[in-house]
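Chemist: no sequence on this one, just coordinates:
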C-alpha cells in the first residue's frame, strides 16, 4: 500500500510541477498576479508531495519492505538503521528521487525568499518547474523507485559495503545540495533572459547570489567529504584519484567558483553581464553532465551504456533540452543586453576576468580529460587512460597560476586600481611566502621545487588573507568572507603538497610481537582477532603505536567481509596529530599469524579537508552577510563592496 | 627472436620469479618500482594504478614489473613491453600521438582563447572609460 502512495505522490508532484512551470512563465508578464500566486502555491504543493514520496521510500527501507524492488536489491534486515536510511539514496532510483527532493526545496526557497522582484521570481519558478517536471518524468518512466516485486523476497540483497559508511551516507545529499543548487542560478539566469532588459539582467545576479553561495558551499563540503571518504575507506592513503566520478563533481565547482566571481562585477557595474548569464547556464549544465556520467553507466564502459541505453538516452535528451533551450534563449536575448564594461586594465574587474580565464581553462582540462577517452573509445574503439599525470601537466599549472593572482584581486579598486599600493600592502604576505619556502627547503627532505613553490604560494595566500582579517577593521562581512575562502585555498594547497610529495610508506609482513618503523613511528604487531559486526565479520589487527618502550595508543585496522553482499572492505586506522596522519591498512593473511600491513605517514593530510572547511566557512559568512542585507533596499548608491 | 625468447622466459616465470620478492631490498630499486607501478593502470579496476589496486591482476602485473626490473630492463622497455601487450590503456599518462593531440592541447587552447577574449574585453573597457570618464574616481 505504501509503495502505491509514493507512486501517487510522484504523479501529483509531476502535475503540480507542470502547473508551476505554466504559472511561473505566464506570471513573468506584467500584472499577471493570479498566475504568480498559482505558481507559488504549486511550488509549495510540489514540495509537499515530493517529501511525501521520499518519506514513503525511506519508510520502505526502514521497515525492510522487500516487496519494493529498490529496497529488495539495496537493503538487508541486518543492516544498521543509519545505513538502511542512507540506502535510500545509495541506489539509482532513490538518488534520483533525492535529486528531485533537493530541487523542490530550492524551488520553495526561490518562491519563499522572492528576491529580485516578482517578474524575475515568477519566471525563475517557471524554469524550476520545467526542470522538476523533466526529472519527475525521468523517474516515473525509467527509474521508478516504487516498482513492486511479486512475490516479495524473504531477504534483501544488501548494500555495497563500501557505501555502508558514515562519510558516504552524508556525501550524496551534500553533493546534490550543490549540484541542484546550481539549478537556482540557472533558473534565475534563464528568468533574466525571459524577462529581458538590462535592469533585470543585473538584479538577477543579486537575486541569485544566495543560491550560488549555498550551492558553492555544499559543493565544497560535498567534494571534501567524498575525498575524505576515499582517503580513509579505500585503504591507499590517496585523497583524490581523478576518477571520472570525482571529476564530475569538480567541474560544477570550478564553474560555480567562476560564476561567484564574475557575478560580483555584474552586480556592481553591469560588467560581464552576458558572460555571467552564460556561466550560470554552464554551471548547472556541468551538474547535469555529471549526473549523466554517473547515472547512465557510460563510465564503467561505453558498452554497458549501449546495452541498456534507456536511462542514459532519457538523461541525454533532458540535458540536450535544458542546455540547448537555455543556450538558444541566450543567443536570442543576450545581444540586447550588450555589456556596459568600463574599467582600466588595472582594476578589480580585470582580476575577476583573469580568475574566470584560469578557472574556465582548468575546467576545460578536467572536462576533456574526463570525456575524451569515452569519446575516443566510442568513435574509434581506441582505449586510452587519462590518469593523474595528465592532470598534473594540465590542470595543476593552470590552477597554480590562478592562485598566484588571488591576493591581488581584493586589493584593487573597482574600475581603476593601484597596483603599487596593492603590492605595498602585500609585502608581509610576500615575506611569509619566502619564509615558508625557506622553511620547506630547510626542514623537508627530499627537496622538491614544486613543493617549495606550493608552500610559498600557500604562505602568499594565507598571509594576504591574514592581513585582510586583522588589518582591515570595520570592513564588510563580504571582505572577511573572501579572505577566509582564499586562506582555505592556501591551507588545502599545503595539505595536497605535503601528502603528495612527502608521504612515506612501509609495506611489511609481520608476525605477532614484531615491530616495524615508518617515518618517525614505531609499530608493534600484537596479532589479529576475529570480530563479529552487525552484518559483517572482521579480522581486526591490534597494533601498538610505541613511544619508547611504552604503548602510546592502540590502532585497529580491519578487513571486513560482508556475507550478504559477498564483498570485503578494509577499514583503516588513522592516528592524527592534526598535522600528520599515521595511516594503517591491514593486508592479506600470510598464514601462521603473519599479515601484510601497509603503513603511511602523510604530513599535513588533515589540512586538505581543513582548508575545504575554511573555504566553506568563508562561503557561509558571505551568505550570512547577504541575507542580513536583505532588509537594506538594494539601490545603485548602496552596493555591497565585495 | 629476442622477444620470443623473452616470452618463453616469462612462461617459466614462476621459476624465474622465485627470487623476486614483493619488495626490493635496494631502496633505489624499490622507489623505481613504486614509481613505475604508479604509472601503470590496473586493467580491471576503475582508475586505480597497479600500485594501489587490490585486484589479483594488479598483483600479477606488479610481479611482472619487478621480474623485468630484476632482469635489468629499463623503465622505457618495461612500459613498451606492457603497451605492446595491453595497449595504451595501461598507461596512466596518455602518450602524445595523433589521437591525443587534442586531449593534450585543448586545456591550453582554451586558456589562450579565453585570454585573447579577456584582452579584447579589457581593451574595450578601457576605451569606454576614455570616452566616457566616470564622475567618481
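Modeler: Cool, got the structure. Treat the numbers as computed from the prediction; the structure is a model and nothing was measured. Numbering: from 1, shown residues only, chains lettered A, B, ... in the order given.
Chemist: Is the residue most central in space within chain A in a helix, a strand, or coil?
Modeler: Closest residue to the average C-alpha location of chain A: residue A:219 at 2.8 Å, with Cα atoms, centre = their mean. Reducing the assignment at residue A:219 to three states with DSSP: H, G, I helix; E, B strand; the rest coil gives helix.
Chemist: For it, which residues are in contact?
Modeler: Taking Cβ atoms under 8 Å, 6 or more residues apart in numbering or on different chains, we find residue A:219 in contact with A:175, A:178, A:179, A:181, A:249, A:252, A:253, A:256. C-beta coordinates here come from the backbone N, C-alpha and C atoms, glycine included.
Chemist: For the biggest helix by length in chain B, list every residue counted as buried.
Modeler: When chain B is scanned for its longest helix (criterion: DSSP state H), the result is helix B:101-131. Buried residues in helix B:101-131, counting neighbours by 16 or more other Cβ atoms under 10 Å in any protein chain shown, are found at B:103-104, B:106-107, B:110-111, B:114, B:118, B:121-122, B:125-126, B:128-129.
Chemist: so what are the domain limits for chain B?
Modeler: Domain assignment of chain B by automatic domain parsing yields the ranges B:2-90, B:98-131.
Chemist: pLDDT on the shortest one, on average?
Modeler: When the per-residue pLDDT values of domain B:98-131 are averaged, the result is 92.
Chemist: Check the first one too.
Modeler: Per-residue pLDDT over domain B:2-90 has a mean of 77.
Chemist: got it, and stretch A:504-513?
Modeler: Here the average pLDDT along stretch A:504-513 is 88.
Chemist: Only the buried residues of it, if you could.
Modeler: Buried positions in stretch A:504-513, judged by neighbour count with 16+ other Cβ under 10 Å: A:506, A:507, A:508, A:509, A:510.
Chemist: Quick check: pLDDT value at the residue nearest in space to the middle of chain B.
Modeler: Within chain B, one residue has its C-alpha closest to the average C-alpha position: by Cα atoms, centre = their mean, that is residue B:93, at 2.4 Å. You'll see residue B:93 listed with a pLDDT of 91.
Chemist: and chain B, which of the contacts of residue A:219 contact it?
Modeler: Checked against chain B using Cβ under 8 Å from any Cβ of the partner chain, the contacts of residue A:219 give no members in range.
Chemist: Show me those that map onto strands.
Modeler: With strands identified by DSSP state E, none of the entries of the contacts of residue A:219 belong to them.
Chemist: Would you agree residue A:553 is in contact with residue A:575?
Modeler: Yes. Here residue A:553 lies in contact with residue A:575, judged by Cβ atoms under 8 Å, at a distance of 6.3 Å.
Chemist: about what we covered before: quickly note the distance from the residue nearest to the centre of chain A to residue A:577.
Modeler: Between residue A:219 and residue A:577 the computed distance is 29 Å (Cβ to Cβ, to the nearest Å).
Chemist: got it, and residue B:105?
Modeler: 44 Å.
Chemist: can you count the residues close to residue A:537?
Modeler: Here the neighbour count serves as a burial measure; for residue A:537 (other Cβ atoms under 10 Å in any protein chain shown) it reads 15.
Chemist: From what I see, it and residue A:560 are in contact.
Modeler: Yes. Under the criterion of Cβ under 8 Å, residue A:537 makes contact with residue A:560 at 7.1 Å.
Chemist: hmm, back to that, distance check, the residue nearest to the centre of chain A against residue A:181.
Modeler: 8 Å.
Chemist: related to what we said a few turns ago, the residue nearest to the centre of chain B: what's its closest spatial neighbour, skipping adjacent residues?
Modeler: Distance criterion Cβ to Cβ, 6 or more residues apart in numbering or on different chains; nearest residue to residue B:93, sequence neighbours excluded, is residue A:389 at 3.6 Å.
Chemist: Show the residue spans covered by the helices in chain B.
Modeler: For chain B, helices defined by DSSP H occupy the ranges B:2-11, B:13-17, B:27-38, B:56-70, B:75-86, B:101-131.
Chemist: In terms of helices and strands, where is residue A:385?
Modeler: Residue A:385 belongs to no helix or strand when assigned by DSSP states H and E.
Chemist: burial count for residue A:524?
Modeler: The burial count assigned to residue A:524 is 17, neighbours taken as other Cβ under 10 Å.
Chemist: repeat for the one 5 residues further on
Modeler: Close neighbours of residue A:529, defined as other Cβ under 10 Å, add up to 12.
Chemist: In three-state terms, label it for me.
Modeler: Assigned state for residue A:529: strand (three-state reduction, three-state DSSP).
Chemist: show me what contacts residue 96?
Modeler: With no chain named, the answer covers chain A. A:135, A:138, A:139, A:143, A:145, A:295.
Chemist: hmm, I had chain B in mind actually
Modeler: Applying Cβ under 8 Å, 6+ apart, one finds that residue B:96 lies in contact with residue B:104.
Chemist: for residue A:388, same thing?
Modeler: Contacts here follow Cβ under 8 Å, 6+ apart; on that basis residue A:388 touches A:241, A:242, B:92.
Chemist: Sort out for me which of the contacts of residue A:219 are in helices.
Modeler: Among these, the residues falling in helices (DSSP H) are A:175, A:178, A:179, A:181, A:249, A:252, A:253, A:256.
Chemist: Now tabulate the residues you listed in TSV and tack on neighbour count.
Modeler: Below are the ones in helices among the contacts of residue A:219 laid out as TSV (neighbours: other Cβ atoms under 10 Å in any protein chain shown):
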residue	neighbour count
A:175	23
A:178	24
A:179	29
A:181	30
A:249	21
A:252	31
A:253	24
A:256	31
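Chemist: from what I can see residue A:624 touches residue A:476, true?
Modeler: No. With contacts counted by Cβ under 8 Å, residue A:624 stays clear of residue A:476, the gap being 11.5 Å.
Chemist: helix/strand/coil for residue A:523?
Modeler: strand.
Chemist: how close does it sit to residue B:42?
Modeler: In this structure, residue A:523 and residue B:42 are 28 Å apart, going by Cβ to Cβ.
Chemist: Same question for residue A:150.
Modeler: Using Cβ to Cβ, one gets 41 Å for the distance from residue A:150 to residue B:42.
Chemist: between the two, who's got more neighbours?
Modeler: Between residue A:150 and residue B:42, counted using other Cβ under 10 Å, residue B:42 has the larger neighbour count: 24 against 5.
Chemist: so how many other residues sit close to the closest residue to the more buried one other than its chain neighbours?
Modeler: If the residues on either side of it in the chain are set aside, residue B:42 comes closest to residue B:53, at 3.6 Å by Cβ to Cβ, 6+ apart. Residue B:53: 23 surrounding residues under other Cβ under 10 Å.
Chemist: Residue B:53 reaches residue B:45, doesn't it?
Modeler: Yes. If you go by Cβ under 8 Å, residue B:53 and residue B:45 touch, sitting 4.8 Å apart.
Chemist: so who does residue A:462 touch?
Modeler: If a contact means Cβ under 8 Å, 6+ apart, then residue A:462 has A:429, A:432, A:487, A:490, A:491 as its contacts.
Chemist: my read is residue A:581 is in a helix, agree?
Modeler: No. The assignment for residue A:581 by three-state DSSP gives strand, which leaves it out of any helix.
Chemist: if I look at it, how far off is residue A:553?
Modeler: Noted for residue A:581: a distance of 14 Å to residue A:553, by Cβ to Cβ.
Chemist: Now for the two: what residues contact both?
Modeler: Contact criterion Cβ under 8 Å, 6+ apart; residues bridging residue A:581 and residue A:553 by contacting each: residue A:575.
Chemist: Which one of the two is surrounded by more residues?
Modeler: residue A:581 (22 against 12).
Chemist: Near residue A:312, how many other residues are there?
Modeler: What residue A:312 shows, counting by other Cβ under 10 Å, is a neighbour count of 19.
Chemist: does it belong to a helix or a strand, and which?
Modeler: helix A:310-333.
Chemist: which helices and strands does that helix pack with?
Modeler: Packed against helix A:310-333 by the contact rule (3 or more Cβ pairs under 8 Å, 6 or more residues apart in numbering or on different chains; DSSP states H and E) you find helix A:118-142, helix A:166-195, helix A:273-295.
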